[in-house]
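Undergrad: turn this into a model:
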Amino acid sequence: MNYRCPICLLPLSLENSTWHCEHNHRFDCAKEGYVNLLPVQKKRSKDPGDNKEMMFARREFLNKGFYQALSDRVNQLALQYAPDAKDGLDIGCGEGYYSHRLHQAMSGRGAFMLKGVDISKSALKYAAKRYPDIGFCVASSFEMPFNDDSFDFMLRIYAPSEDKELRRVIKRDGILITVSAGPLHHFALKALIYDQPRQHPDIQSQIAGFERLHGERLQQELHLSAPNDIAHFLLMTPYNWKLNEIQKQQLMAADFRCELDFKLEVFRAC
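TA: Now for the predicted structure:
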């Protein structure tokens, strides 16, 4: 399964580490192995997505296994609902932690090709170098460089997207698994920031063009004691910018406990 040109939408062919279309739009593969399919004219900033510091923090945090229970459950649902899937896509794949573990799980029962797309070049530099069996590309999840009906399985963990674009690239009856924040997710952090912290809405998601098959919450308590782990966790959350330095230092000076509440949902394209 190849890419399509993000400029003219024609198929791209690979030749000597360069993807090109009939109109001679050309996209070189980086030395790490990913390809940048986000044209300059479609960027909203010079370096969109998570920066190197945020990517490093998330990479170090995830690699220690603090969110492994989420990854394990995602993989179990993938095997249950998409046992015969052969072409997968991880939307907003970041540094590839979930992608890699998903690829391992799905490949264990048969051939499975996985692509990862993210808008952060910093994240994909690491992902492509560490996980060469997965095809990574820099692109927007709102304009993905794939043909219609390309995938029979997709994963979206927190990544923003558009319903119409999700339905365009997935095959009919293809399975989509999404992960978003449950009502109590990171509530301890919100209690530090807001006078009247609110829970995330506890509602069933609706995605146009998809039928919801399953929903569940995965809850646990995160317990961190090492200052570096706490710092990495804070930096990878959206609340990092709302905490002042005194609050951050206080959190890193003692054991830190915080609610994890993931909402997992399974959809089928119809």
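
Undergrad: surely residue 6 is within a helix?
TA: No. Residue 6 is assigned coil when assessed by DSSP: H, G, I helix; E, B strand; the rest coil, not a helix.

Undergrad: any idea how far residue 141 is from it?
TA: 13 Å (CB to CB, to the nearest Å). Every residue, glycine included, has its C-beta placed from N, CA and C.

Undergrad: then residue 269?
TA: 16 Å.

Undergrad: likewise residue 260?
TA: With CB to CB as the criterion, residue 260 and residue 141 are 24 Å apart.

Undergrad: who has more neighbours out of residue 269 and residue 141?
TA: residue 269 (22 against 19; other CB atoms under 10 Å).

Undergrad: near the closest residue in space to residue 148 that isn't next to it in sequence, how many other residues are there?
TA: Setting aside the residues directly before and after it, residue 148 is nearest to residue 168 in space (CB to CB, 6 or more residues apart in numbering), at 5.4 Å. Neighbour count of residue 168, defined by other CB under 10 Å: 16.

Undergrad: would residue 168 count as being in a helix?
TA: Yes. Per three-state DSSP, residue 168 lies within a helix segment.

Undergrad: what is the mean pLDDT for stretch 186-204?
TA: Averaged over stretch 186-204, pLDDT sits at 91.

Undergrad: my bad, should have said stretch 226-237
TA: For stretch 226-237, the per-residue pLDDT averages 93.

Undergrad: buried residues, that stretch. List them.
TA: 229, 230, 231, 232, 233, 234, 235, 236, 237 (16 or more other CB atoms under 10 Å).

Undergrad: could these be laid out in TSV, adding distance to residue 186 and secondary structure?
TA: Below are these laid out as TSV (distance: CB to CB, whole Å; DSSP: H, G, I helix; E, B strand; the rest coil):
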residue	distance to residue 186	secondary structure
229	15	helix
230	13	helix
231	15	helix
232	14	helix
233	9	helix
234	10	helix
235	13	helix
236	11	helix
237	6	coil
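
Undergrad: which one among those gets closest to residue 131?
TA: Ranked by distance to residue 131 (CB to CB), the buried residues of stretch 226-237 are led by residue 236 at 19.2 Å.

Undergrad: surely that closest one and residue 57 touch.
TA: Yes. The pair residue 236 / residue 57 is scored as a contact, 5.0 Å apart, by CB atoms under 8 Å.

Undergrad: so which other helices or strands are in contact with the helix or strand hosting residue 164?
TA: In the assignment (DSSP states H and E), residue 164 maps to helix 163-169. Contacts defined by 3 or more CB pairs under 8 Å, 6 or more residues apart in numbering; DSSP states H and E place helix 163-169 against strand 151-157, strand 210-224.

Undergrad: for the shortest one, packing partners?
TA: Right, strand 151-157. Taking 3+ CB pairs under 8 Å, 6+ apart as the contact cut, strand 151-157 packs with helix 68-81, strand 87-91, helix 97-107, helix 163-169, strand 170-181.

Undergrad: tell me the mean pLDDT over that strand?
TA: So the average pLDDT for strand 151-157 ends up being 98.

Undergrad: list the contacts of residue 23.
TA: 5, 7, 8, 10 (CB atoms under 8 Å, 6 or more residues apart in numbering).

Undergrad: swap in 7 Å and give it another go.
TA: Going by CB atoms under 7 Å, 6 or more residues apart in numbering, residue 23 touches 8, 10.

Undergrad: okay, it: pLDDT?
TA: Residue 23 is given a pLDDT of 96.

Undergrad: quick check: which element contains it?
TA: Counting by DSSP H and E, residue 23 is part of no helix or strand.

Undergrad: quick one, phi/psi of it?
TA: Backbone torsions for residue 23, taken as degrees, to the nearest 10, come to phi -90, psi 10.

Undergrad: touching, the residue nearest to residue 148 and residue 149? I think so.
TA: No. Look at residue 168 against residue 149 with CB atoms under 7 Å: they stay out of range, at 8.1 Å.

Undergrad: before we move on, the earlier item: got CSV for the helices and strands packed on helix 163-169, with mean neighbour count and distance to residue 73 too?
TA: Putting the helices and strands packed on helix 163-169 into CSV (neighbours: other CB atoms under 10 Å; distance: least, CB to CB, whole Å) gives the following:
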stretch, mean neighbour count, distance to residue 73
strand 151-157, 24, 12
strand 210-224, 14, 5
